[in-house]
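Engineer: just a sequence and a predicted model for now, questions to come.
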Amino acid sequence: MERRQLENLFGMGSGYVLDFTNYTFSNFFYDRRVNIDAKRYEEDGASKAKRMRTFWDVEGNHVVGRVIDGLIKYATDEQCFGDSDPLLINDCRKIAQRLLSDQPVTELDALTAIANEKDFEVVAEHVREAIEKNQPEGGLDRLHTFVNKFIRVTCESHGISITRDKPLHSVFGEYVKTLREGGHLESAMTERILKSSISVLEAFNDVRNNKSLAHDNPILNYEESLLIFNHVAASIRFIKALETKIKARAKAAEQQAARFPWDESIPF
């Protein structure tokens, strides 16, 4: 029933999809990291509608939901729906949201670059792509690279020195100490959780070197790879939120000092 609703909304009965040409159809999918021109999507035919149906068959729910959501937004902006039933459009939006909720890594959106560095952005995209394809075991080496970059950029803003010889878990240990001494952690439990991540990061080096595609290794199994992704993503989401609060407080303090530049040497 959902397929019929989507096909009706996107006008797929004649082999087309909305107002796309082959060129714009390919570009739309390319922007969402999908090569819709690949042979795997042409098993039942090469028309845009047939490739779309095959795409629905072979890809995971989250990837399909992301594309459907993008198609609805595109069609709305380009006024492609014409006199389509608003209830149908709303039902298809709900389909997209349901599919988008089927995500093996719940905090995947946290795995984004935090510095304007091309290599940081590229590795972040590759990490997300591994999850969107439901292949976490194939993305462990890139996740390790991402975590290194993320921690380096985060620690540099706190004046923590970064050297090639200093291991990642040692750098993170200094970061946790800085958070504690700066009064940025409200509970002992949060500090314990972050401290446990120090040993987790140390173990991550072994996974990267001996159980990932970084070298010619037998890679880690799917379930344990997914556990690593979820743990890392949840930790990064928390650190991003915490850093946002720290920066906001620092900015507020600067503004307060600028408004009231009292000379503390005056004894009254």
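Structural biologist: Arrived safely.
Engineer: residues of stretch 108-120 that come out buried?
Structural biologist: Within stretch 108-120, the residues that qualify as buried by neighbour count (16 or more other CB atoms under 10 Å) are 108, 110-114, 120. The C-beta positions use only the backbone N, C-alpha and C, and glycine is treated the same way.
Engineer: and those residues as CSV, adding secondary structure, distance to His144 and pLDDT?
Structural biologist: Putting those into CSV (DSSP: H, G, I helix; E, B strand; the rest coil; distance: CB to CB, whole Å; pLDDT from 0 to 100) gives the following:
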residue, secondary structure, distance to His144, pLDDT
Leu108, helix, 17, 75
Ala110, helix, 16, 81
Leu111, coil, 12, 82
Thr112, coil, 17, 86
Ala113, coil, 15, 82
Ile114, coil, 17, 83
Phe120, helix, 14, 84
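Engineer: and which of these is nearest to Arg249?
Structural biologist: Of all those, the one with the least separation from Arg249 (CB to CB) is Ile114, at 18.2 Å.
Engineer: thinking the closest one is in contact with Lys240, fair?
Structural biologist: Yes. Checked against CB atoms under 8 Å, the pair Ile114 and Lys240 is within contact range at 7.1 Å.
Engineer: I'd like the buried residues of stretch 108-120 as CSV, with distance to Glu78 appended.
Structural biologist: CSV is the format used below for those (distance: CB to CB, whole Å):
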residue, distance to Glu78
Leu108, 28
Ala110, 31
Leu111, 31
Thr112, 27
Ala113, 30
Ile114, 33
Phe120, 33
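Engineer: closest one of those to Leu88?
Structural biologist: Using CB to CB as the measure, the one of the buried residues of stretch 108-120 that approaches Leu88 most closely is Leu108, at 29.3 Å.
Engineer: show me how far stretch 239-248 is from its chain's centre.
Structural biologist: With CA atoms, centre = their mean, to the nearest Å as the basis, the distance from the averaged C-alpha position of stretch 239-248 to the chain average is 18 Å.
Engineer: and the contacts of stretch 124-141?
Structural biologist: 33, 60, 62-63, 66, 103-105, 108, 111-113, 142-143, 146, 207-208, 211-214, 219-222, 225-226, 228-229 (CB atoms under 8 Å, 6 or more residues apart in numbering).
Engineer: for PyMOL, what selects the buried ones among the residues you listed?
Structural biologist: Buried residues within the contacts of stretch 124-141, by 16+ other CB under 10 Å, are selected in PyMOL with:
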select buried, resi 60+62+63+66+103+104+105+108+111+112+113+142+143+146+207+208+211+212+214+219+220+225+226+228+229
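Engineer: and the contacts of stretch 124-141, which of them are in strands?
Structural biologist: Using DSSP state E, no member of these falls within strands.
Engineer: measure Leu168 to Gly13 for me?
Structural biologist: In this view, Leu168 and Gly13 are 54 Å apart by CB to CB, to the nearest Å.
Engineer: for the two, indicate the residue with more neighbours.
Structural biologist: More neighbours surround Leu168 than the other of Leu168 and Gly13, with 18 against 9 (other CB atoms under 10 Å).
Engineer: which ones are touching that one?
Structural biologist: 147-148, 151, 201-202, 204-205.
Engineer: which among those residues gets closest to Leu18?
Structural biologist: Taking CB to CB as the measure, Leu18 sits nearest to Val147 out of the contacts of Leu168, at 39.5 Å.
Engineer: tell me, how many residues neighbour the residue nearest to that closest one when sequence neighbours are not counted?
Structural biologist: Nearest residue to Val147 in three dimensions, chain neighbours excluded: Val232, at 6.1 Å (CB to CB, 6 or more residues apart in numbering). Around Val232 there are 25 other residues, counting by other CB under 10 Å.
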